[in-house]
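**Student:** turn this into a structure:
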Amino acid sequence: MIRTEDFFNHYNKVVIWGAGSGFTKYYTGGYDISYIVDSDMSKWGRTIAGITVESPHELLKEDLSSTAVVICSDFETEIYNTARRMGIRCDIYSSKMLFPNPFSDNSYYALPEFVEDRPFVGKYSIEKNTQILLALMKAHGIKKVVISPGGTNICFVSSIQSDPFFEIYSSSDERSAAYIACGLAAESGEPVAINCTGATASRNYMPGLTEAYYRKLPILAITCSQYQGRIGHNNPQVTDRLHLPTDVAKLSVQLPMIRNGQDRWACEAKINQALVELKRHGGNPVHINLMTEFSTDCSIKALPAVKVIRHISYNDSLPPIESGRIGIFVGAHKRWSDELTANVEAFCEKYNAVVLCDQTSNYRGKYHVLAPLLLTQKVNNEKVIPFDLLIHIGDITGAYMKINAKQIWRVNPDGEIRDTFARLRYVFEMAEQDFFAKYSRLEVSEEKCFGDKSQAERWQKKYQEVYDKIPELQYSNKWVAKETAPLIPEDSVLYLGILDSLRSWNLYEVHKSVTVYANTGGFGIEGGMSSLLGCSLNNPDKLCFGVFGDLGFFCDMNVLGNRHVGKNLRIMIVNNGAGAEFYAKKSYYSAIFGNTVGKYCAAEGHFGNKSEQIIRDFSQNLGFQYMSARTKNEYKDKVKVFTNPRITEKPILIEVFTDCWDEAETREIIETLEQN
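**Tutor:** Coordinates of the predicted model:
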């Protein structure tokens with residue numbers, strides 16, 4: 001990670017490699033660039049930022065002794081290898097290796113703690129998983145390392161030994177190395193890393209790691225291995241490290257080679273998870289299995305800027321909330337206590353925050369906004385959610401919303417790293433009400449500004465503006481939800497099937513006293529009605545509504561025969577005869593298969609192909625009052641009975657027959673309201 005001023009003082013020339021979307025993504029202007037080159041010959045001769053794009057071969061005509069190449073592309077590894085094959089021997093960097101990044105102001109990586117005092121000292125391996133591991137070890141303060149020799153760990157060892165940050169010890173015997181680390185950790189109070197090669201070397205760590213496990217010593221065991229696919233194919237020195245004994249490491253993670261941005265994100269998240277676990281709950285041994293391709297290229301002079309995730313427990317000092325726009329995102333959440341509601345609203349008042357919810361968030365207080373209608377719009381989400389900090393509480397949400405905060409803090413008693421939106425900065429292992437109470441009591445400087453003083457009102461107003469743009473929709477799940485949401489009686493339970501039913505009902509407000517659930521944990525279509533029945537059994541005097549698709553219903557239909565089914569049950573089946581998910585306009589499926597998408601992709605035509613008798617006869621024979629609707633007028637007539645706030649003599653089931661292509665059309669309309 002290199003300070004900008006040092007970088008530009010160190011080189012006479014800077015060459016940008018990448019004239020596509022990566023250039024726009026990473027380059028912010030204001031820097032002296034000698035060349036822009038690109039591997040794609042169709043870009044040669046074009047002008048970008050006032051500079052003509054050249055062929056990379058032009059670099060071979062130059063004296064590159066004081067030149068740096070900066071790769072502004074997501075294809076970093078491929079470009080690096082191309083440059084080396086061409087004979088370009090100057091220093092080559094990815095944009096993320098520069099700190100603060102002179103080609104991007106993305107605060108995802110630009111955090112002050114990443115600055116180092118010793119730029120350009122390294123001779124690091126080209127293998128990115130090794131680079132990221134070393135960068136995060138440094139950021140987490142893990143400097144003591146006991147190395148055991150070998151071939152498979154040569155990339156790691158050759159990289160770490162050139163970096164003066166690390167305090168390195170050698171032990172030729174892995175069993176001794178692990179016990180040396182135990183002594184170092186116990187005496188110093190610091191985490192200690194151990195590193196070995198493949199074959200049986202890692203097995204020799206087990207006695208020492210067992211000692212560390214029961215003494216709660218923070219030992220980081222880094223084993224190196226070949227490609228995982230070679231396991232079990234009689235390859236020499238390839239052992240299986242996927243499954244460890246339960247009492248040698250609290251956590252074990254695998255770090256494969258990095259090929260793309262998703263690999264990089266997963267690698268960073270796993271390493272942060274492992275390094276945080278070293279110190280959690282008094283200390284633990286942790287295992288990282290680092291894969292390698294035995295590259296001998298150690299020409300990288302700087303480690304990449306990396307995202308560090310910190311763990312905060314109840315008694316730790318709290319990081320400050322800086323100026324900017326603050327939000328709270330609530331995933332699926334259990335029923336809110338009065339204490340939690342009060343503490344969240346006190347926090348919102350202090351920091352001018354808004355609470356972004358879907359139906360399953362179950363917060364409907366003063367600062368609530370039903371966000372899916374806004375955050376599923378097909379517009380530039382930078383304009384929709386410009387949060388400097390978003391606090392994430394709750395569990396898995398069923399709303400596929402575009403979240404674009406600069407950083408995210410997760411608050412959950414489990415204390416686990418869950419980097420849902422790839423912007424996680426802190427994990428607070430504490431009760432939600434304690435987190436919000438603590439921050440509400442903190443003194444805040446008058447110099448800090450948290451945006452305008454009506455952020456929640458602004459979001460609520462925006463929701464109403466977009467809602468008012470909804471035209472008359474086709475007869476569909478979304479039309480039914482719009483008609484029915486305001487009619488759900490107070491103090492009811494509403495259970496929603498996943499995907500289209502949940503998506504449809506996430507658009508419209510229900511009464512603030514209604515509790516909403518969905519099976520977003522495993523997120524499968526089965527079991528929704530059984531879960532609804534479970535809710536209804538807890539309070540037989542409370543109406544419990546459920547909305548499910550036909551496939552979900554038939555997966556779980558046997559529960560209607562359960563002898564505990566009560567009169568307080570109300571079930572809606574939206575029967576379009578298939579999985580409407582696959583019919584969305586411009587989707588991968590419909591683009592390829594068109595009108596034949598239902599043949600196998602969407603399971604069209606099962607269960608009687610929208611038969612009018614099957615569900616009717618089945619439910620009536622089990623004591624349900626059955627209704628059906630094929631038109632808007634029929635539905636408007638029947639919905640009055642379905643939402644009757646009084647418990648009737650029989651449980652009620654209504655079957656709503658719709659068309660898949662109408663469902664697809666309404667989804668497209670809803671998601672493009674802001675384009676109109």
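
**Student:** how about the contacts made by residue 635?
**Tutor:** By Cβ atoms under 8 Å, 6 or more residues apart in numbering, the contact list for residue 635 reads 475, 480, 483, 629, 656. Backbone N, C-alpha and C define where each C-beta goes, glycine included.

**Student:** what's the spacing between it and residue 331?
**Tutor:** Going from residue 635 to residue 331 by Cβ to Cβ, to the nearest Å gives 31 Å.

**Student:** how about residue 564?
**Tutor:** Taken as Cβ to Cβ, the span from residue 564 to residue 331 is 30 Å.

**Student:** and the gap between residue 68 and residue 83?
**Tutor:** Taken as Cβ to Cβ, the span from residue 68 to residue 83 is 12 Å.

**Student:** could you do residue 635 as well?
**Tutor:** For residue 635, the distance to residue 83 - Cβ to Cβ - is 64 Å.

**Student:** hang on, the earlier thing: which of the contacts of residue 635 has the most neighbours?
**Tutor:** Top of those by neighbour number is residue 656, holding 26 neighbours under the definition other Cβ atoms under 10 Å.

**Student:** on the three-state scheme, residue 422 is what?
**Tutor:** Using DSSP: H, G, I helix; E, B strand; the rest coil as the criterion, the local structure at residue 422 reads coil.

**Student:** er, residue 501 I mean
**Tutor:** Assignment for residue 501 (three-state DSSP): helix.

**Student:** and it, how many residues sit next to it?
**Tutor:** 28.

**Student:** my guess is residue 330 contacts residue 393, does it?
**Tutor:** Yes. Counting by Cβ atoms under 8 Å, residue 330 touches residue 393, with 5.5 Å between them.

**Student:** wait, doesn't residue 608 sit right on residue 617?
**Tutor:** No. If you go by Cβ under 8 Å, residue 608 and residue 617 don't touch, sitting 10.6 Å apart.

**Student:** list residues touching both of those two?
**Tutor:** In contact with both residue 608 and residue 617: no residue, using Cβ under 8 Å, 6+ apart.

**Student:** tell me how far the nearest residue to residue 57 once chain neighbours are set aside lies from residue 124.
**Tutor:** Computed as Cβ to Cβ, 6 or more residues apart in numbering, the closest residue to residue 57 that is not its neighbour in sequence is residue 86, at 7.2 Å. To residue 124, residue 86 is 21 Å away according to Cβ to Cβ.

**Student:** circling back: of the contacts of residue 635, which belong to strands?
**Tutor:** 629, 656 (DSSP state E).

**Student:** now flag whichever of the contacts of residue 635 is closest to residue 171.
**Tutor:** The shortest approach to residue 171 among those belongs to residue 480, at 68.7 Å (Cβ to Cβ).

**Student:** ok, now which ones touch the closest one?
**Tutor:** 504, 572, 574, 635, 656, 658.

**Student:** let me have the residues you listed in JSON lines, adding pLDDT and secondary structure as columns.
**Tutor:** Formatted as JSON lines, the contacts of residue 480 follow (pLDDT from 0 to 100; DSSP: H, G, I helix; E, B strand; the rest coil):
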{"residue": "504", "pLDDT": "94", "secondary structure": "helix"}
{"residue": "572", "pLDDT": "97", "secondary structure": "strand"}
{"residue": "574", "pLDDT": "95", "secondary structure": "strand"}
{"residue": "635", "pLDDT": "96", "secondary structure": "helix"}
{"residue": "656", "pLDDT": "96", "secondary structure": "strand"}
{"residue": "658", "pLDDT": "92", "secondary structure": "coil"}
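
**Student:** pull the most distant pair out of those residues.
**Tutor:** Top of the distance list for those (Cβ to Cβ): 504 and 635, 14.0 Å.

**Student:** quick one: contacts for the residue nearest the centre of the chain?
**Tutor:** Among the residues of the chain, the one closest to the centroid is residue 420, at 2.1 Å (Cα atoms, centre = their mean). Contact partners of residue 420, counting by Cβ under 8 Å, 6+ apart, are 331, 392, 408.

**Student:** just the buried residues from those residues, in ChimeraX please.
**Tutor:** Remark: buried members of those, expressed as a ChimeraX selection using 16 or more other Cβ atoms under 10 Å:
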select :331,392,408
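
**Student:** quick one: pLDDT of the residue nearest to residue 330 when sequence neighbours are not counted?
**Tutor:** Distances taken as Cβ to Cβ, 6+ apart place residue 361 nearest to residue 330, at 3.7 Å, with adjacent residues excluded. We have a pLDDT of 96 for residue 361.

**Student:** likewise residue 579?
**Tutor:** Residue 579 is given a pLDDT of 64.

**Student:** over to the one 3 residues further on?
**Tutor:** Looking at residue 582, its pLDDT is 64.

**Student:** equivalent analysis for residue 372, please.
**Tutor:** At residue 372, the predicted lDDT confidence score is 94.

**Student:** residue 507 is in contact with that one, correct?
**Tutor:** Yes. Between residue 372 and residue 507 there is a contact at 6.3 Å, judged by Cβ under 8 Å.

**Student:** settle it for me: which of these two has more neighbours?
**Tutor:** residue 372 (25 against 22).

**Student:** on that earlier part again, mutual contacts of residue 68 and residue 83, please.
**Tutor:** The contact lists of residue 68 and residue 83 share residue 92, where a contact means Cβ under 8 Å, 6+ apart.

**Student:** shaky segments in the stretch 551-676 of the chain?
**Tutor:** 579-602, 676 (pLDDT under 70).

**Student:** longest helix of the protein?
**Tutor:** The longest helix of the chain (DSSP state H) is helix 261-277.

**Student:** tell me the SS of residue 287?
**Tutor:** From three-state DSSP, the assignment for residue 287 is strand.

**Student:** burial check on it, number of neighbours?
**Tutor:** With other Cβ under 10 Å as criterion, residue 287 counts 22.

**Student:** appreciated, that's everything.
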